[in-house]
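Student: Sequence first, then the predicted structure, then my questions.
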Protein chains: 4
Amino acid sequence: MSAAILLISCPDRKGITASITNFIYQNNGNIEHADQHIDSETNTFFMRIAWSLKGFNISPQDIPSEFMSLAKKFDMHWNLYFSTHMPKVAVFVSRHLHCFYDLLLKFKQNYFKGKLSLVVSNCKEVEDIAGNYGINFLYSPKTKGNKKEAEQRELEILKKNEIELLVLARYMQIFSPEFAEFFSNRIINIHHSFLPAFAGGSPYRQAYERGVKIIGATSHYVTEELDSGPIIEQDITRVSHRDSLADLKIEGKELERVVLSRAVRWHLERKILVYGNKTVVFD
Amino acid sequence: MSAAILLISCPDRKGITASITNFIYQNNGNIEHADQHIDSETNTFFMRIAWSLKGFNISPQDIPSEFMSLAKKFDMHWNLYFSTHMPKVAVFVSRHLHCFYDLLLKFKQNYFKGKLSLVVSNCKEVEDIAGNYGINFLYSPKTKGNKKEAEQRELEILKKNEIELLVLARYMQIFSPEFAEFFSNRIINIHHSFLPAFAGGSPYRQAYERGVKIIGATSHYVTEELDSGPIIEQDITRVSHRDSLADLKIEGKELERVVLSRAVRWHLERKILVYGNKTVVFD
Amino acid sequence: MSAAILLISCPDRKGITASITNFIYQNNGNIEHADQHIDSETNTFFMRIAWSLKGFNISPQDIPSEFMSLAKKFDMHWNLYFSTHMPKVAVFVSRHLHCFYDLLLKFKQNYFKGKLSLVVSNCKEVEDIAGNYGINFLYSPKTKGNKKEAEQRELEILKKNEIELLVLARYMQIFSPEFAEFFSNRIINIHHSFLPAFAGGSPYRQAYERGVKIIGATSHYVTEELDSGPIIEQDITRVSHRDSLADLKIEGKELERVVLSRAVRWHLERKILVYGNKTVVFD
Amino acid sequence: MSAAILLISCPDRKGITASITNFIYQNNGNIEHADQHIDSETNTFFMRIAWSLKGFNISPQDIPSEFMSLAKKFDMHWNLYFSTHMPKVAVFVSRHLHCFYDLLLKFKQNYFKGKLSLVVSNCKEVEDIAGNYGINFLYSPKTKGNKKEAEQRELEILKKNEIELLVLARYMQIFSPEFAEFFSNRIINIHHSFLPAFAGGSPYRQAYERGVKIIGATSHYVTEELDSGPIIEQDITRVSHRDSLADLKIEGKELERVVLSRAVRWHLERKILVYGNKTVVFD
């Protein structure tokens, strides 16, 4: 059964919720989920509202134009999604494959509301795995010299495959600012630390040397600045002096899988709204 | 600044949110918080909505009668609260004082939206502490023989002091079904285990003997049946074979304080809605 | 490089550690890990001690006889392992495959100090997967009528394959007491609840209906009594009223994988010592 | 019953544990706790060993000289403590009193193996509280101008009171390098963030602005460099977009109390060994 999902943000004032819910009610929609949040520091209103299209008086393609006047009145930033649409997803991965395998199996078991359509890697081993699962593969090794061209080629193939979300499953390359900007809020990365602690390279090594008692993982949208984009999810696990650097990596892998997988799931379920450098994750 | 808070549950159908938010909007109210939830198993709609009374067209005492027709139309179960009202609270405690001290200091520092007005205990040491803080004290030792009379006396004093919430801060007595029923959803207990595991007496001893790797604490509303009421909050901490029974108790005390304190805070902020034997805790 | 690992338990008295470490030192062994624990309730001494066999004066096959007099003196229960020995492991699985896939990939990546040699299932889909990874497969459907024979056949094949550890990766069959007894402390099960809460069937359904705020998973050794064997590891995740039963299952799967995988790893690294109905997990 | 506790670190080589445990055994000591750890990166051996002095052949005051030759042989850095000795503790606090109250009540209930002998604060309100509990108080306001003199005076009074441990219970002053050096590994601070994230001022504000999904607290020994000393303990709690800055502070206070209290307890139980900029916390 199809549903429409609206993600809205606008300056807070009287009557927003009443107007939106009236719009749905008067057109015979049944609300399935509604969650709102007011950021009192910036006086901003956020909402996720989903309603069944069964019996709804407006056809899906006409909803935007019908909703427009309301959106203008309240100066809304808004996005409309349909639950029947399955976005195409590309996974980028280097030589650490644990997150990649996890995503692969979960896509296969229809865990995500999207379709894994493309795998991009500089690792030949990955090609075989993608092949076994019947997923398109792009071999894209990057060097200092060819980075611009390689990105250009990736961009073409991503467009050709109509990719809507890029997932970096331990991908050890940094995109150019133009690339990151083009896919703004549509590239999810997993960083193997509790950001903002231990940004950059070798976070487990950094954590080990600092002697922390807890390690973490962070999934976030990629922005121009390394490891500084809006945080989607974080989780942690306890460690002790007994844990070697190798132990941190082993325990950390479990975290990475879970924290990346949650972010991908929430993004595809249209539960994440980015504002400034933060996220609202509607649950 | 005063706000009105509505906690609502009713069968789910079209138009509920639109009707409620219209009611507030048309009377010039500004929504400060709104959160709703639909339990799809039972087709039940739940809502917490809070709005500023500044400039609201209906006076506080008239809101119930004005809201009545809407409530009837949707067959609502509803409660209206005002943020300016500070409910009076009684704490019941036996000989373990850590939760009691925690509540005492937090009430003193205005951490809770309520007033600690009465302390009930079978422990004379508690009387002095309550005295130091200028809080009414009822010495109420209970034996098998005097239980009924003791409860009767407690009931009178609770009524006289206009107590609206009872908090059992490690209180080692069981109320009669009549008493529990009278204060239905208004008695909060802390149980020192991860319920439903280790209900009843000596939960740390039970946990120790079972060899669990994690211990917990649970705050819940008291019902007739021991340790079986609606759960409000739970939290846990890791233990290992190195932890003696005494260690479990030490670590557990920290949990108990936090888990009880959260429940009391949320109750007084009118964030908890009980349905069946569960709670919706709006955050 | 090979190491010897001793797991020891005995009544506590003076001189145990001195005697054991002297035995190693005087034979030119270098201790790589030593951890001991005294259970003061039962006055029991536990130890895990590992030392390098490089330059050790006693050959591996002679260590037991050389150690015997010491062991007798202190009335030890002891087991000797060698780090070079890779135990053969069988995984039993029914139709939920997430734990199975996780173990499969981890065995493939040499994450465990053992070898996955056999997969047993009543699910034909599993046969193909095992086949792809070149692992022996036993199709073993069980009904009320054939249970005894089926177990007998499993036992034969387990023996023939020299299986030392059985891992139940969401295996929905109960072994006979004789079978469980035969593989005492060598069958690891994952139960999808925070034991002892929600033992038996449908633990997520039970948790959902009880309205808990935290769900868990428990790995334990299998004993005759269902879900009552020595607990190896537990972990939890937070849930709320917003989580449907399906959500609990989704989040729970992540827990199950991690909690089962840790137990298998620790068992194969000889870090677990069972006493009574508890475990000492040396870290 | 009195016990001796040794904390030892030295280069790892064969025979250390055998030698130490022989020393105790041959002098008729009964080991109550022994835990060792080898840091394989630096090839360093760490040990905590505690034994009963009941029937021990060497008198407490002679243990150091008797142990000396062994210590020299292995090039040990070592400290000897006696469980009967109750170190005197000073608590430093500014205007946030939650950690202070928590420590006060716990010292009163004999939770720590030490004696709270002195409270130092720039806050007059604290004087009354200390007075009620019969604890010495030093009023020590600091300005840029008087800092050196104030510290000098504090040092005198700390010496006069024979203070062995300083606990900074949300103390908003930075000690001079000389002062920190003098009390090296004897000043415990609580920082209200998950270090190394959000060092310095206003960590909750920083966390709020970064949009993290988890907040933390860290207890550590104070060194010359701000918030960079050896970490003793960390813990965390989940937050969401719904949590205002004020909410972070409320939840954070609970963490701070627990994380500081654990550090103080472990220090006084002689469970912490500092090496480089890390800690081994024997459990």
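Tutor: Yes, it's here. Numbers count the residues shown, from 1 in each chain, chains lettered A, B, ... in the order given.
Student: Run through the residues of the stretch 51-200 of chain A sitting next to chain C.
Tutor: Selection of the stretch 51-200 of chain A residues close to chain C by CB under 8 Å from any CB of the partner chain yields A:98, A:101, A:105, A:111. The C-beta positions use only the backbone N, C-alpha and C, and glycine is treated the same way.
Student: Let's see which of the residues you listed end up in helices.
Tutor: A:98, A:101, A:105 (DSSP state H).
Student: about what we covered before: what's the closest of the residues of the stretch 51-200 of chain A next to chain C to residue D:86?
Tutor: Comparing those against residue D:86 with CB to CB picks out residue A:98 as the nearest, at 49.9 Å.
Student: For chain B, what's the nearest residue on the stretch 101-250 of chain A?
Tutor: As assessed by CB to the nearest CB, chain B sits closest to residue A:238 within the stretch 101-250 of chain A, at 6.7 Å.
Student: Contact partners for the closest residue to that residue other than its chain neighbours?
Tutor: Of all residues not flanking residue A:238 in the chain, residue A:214 sits nearest, at 5.7 Å (CB to CB, 6 or more residues apart in numbering or on different chains). Shown in contact with residue A:214 (CB atoms under 8 Å, 6 or more residues apart in numbering or on different chains): A:194, A:236-239, D:194, D:216, D:234-236.
Student: Distance of residue A:214 relative to chain C?
Tutor: Relative to chain C, residue A:214 is positioned 14 Å away (CB to the nearest CB, to the nearest Å).
Student: Up against chain B, what does the stretch 151-283 of chain A have?
Tutor: Residues of the stretch 151-283 of chain A lying close to chain B (CB under 8 Å from any CB) are residue A:238.
Student: In the stretch 151-283 of chain A, what residue spans correspond to strands?
Tutor: With strands called from DSSP state E, counting those that start in this stretch, the stretch 151-283 of chain A shows them at A:163-168, A:187-191, A:214-221, A:231-238, A:272-275, A:278-281.
Student: Count the residues that sit near residue A:202.
Tutor: For residue A:202, the count of nearby residues is 13 (other CB atoms under 10 Å in any protein chain shown).
Student: swap in the one 3 residues further on?
Tutor: Around residue A:205 sit 13 other residues, with neighbours defined as other CB under 10 Å.
Student: Ok, residue A:247 next?
Tutor: Per other CB under 10 Å, the neighbour tally for residue A:247 reads 16.
Student: Just grab the bridge partners of the nearest residue to residue A:251 once chain neighbours are set aside for me.
Tutor: With sequence-adjacent residues excluded and distances taken as CB to CB, 6+ apart, residue A:251 is closest to residue A:237, at 5.3 Å. In this structure, residue A:237 has the following beta-bridge partners (DSSP bridges): residue A:215.
Student: got a list of what residue A:237 touches?
Tutor: A:214-216, A:251-252, A:254-255.
Student: ok, back up a step: nearest to residue C:176 among the strands of the stretch 151-283 of chain A would be which one?
Tutor: Short answer: strand A:231-238, nearest of these by CB to CB, at 37.4 Å.
Student: May I have that closest one as CSV, with CA atoms only?
Tutor: Written as CSV, here are the backbone C-alpha positions of strand A:231-238 (Å, rounded to 0.1, in the frame of the first residue of the first chain):
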residue,chain,number,x,y,z
ILE,A,231,26.1,13.0,12.3
ILE,A,232,23.4,10.4,11.7
GLU,A,233,24.1,7.8,14.3
GLN,A,234,26.8,6.8,16.8
ASP,A,235,27.3,3.8,19.0
ILE,A,236,30.1,2.6,21.4
THR,A,237,31.6,-0.4,23.1
ARG,A,238,33.7,-0.7,26.2
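Student: May I see the buried residues of it?
Tutor: Neighbour counts over strand A:231-238 (16 or more other CB atoms under 10 Å in any protein chain shown) mark A:231-237 as buried.
Student: quick revisit: from the residues of the stretch 51-200 of chain A next to chain C, which is closest to residue C:145?
Tutor: Nearest to residue C:145, judged by CB to CB, of these is residue A:105 at 34.9 Å.
Student: tell me which parts of the stretch 151-283 of chain A are close to chain D?
Tutor: Residues of the stretch 151-283 of chain A that fall close to chain D, judged by CB under 8 Å from any CB: A:194-198, A:210-214, A:216, A:230-236, A:240-242, A:244-245, A:276-281, A:283.
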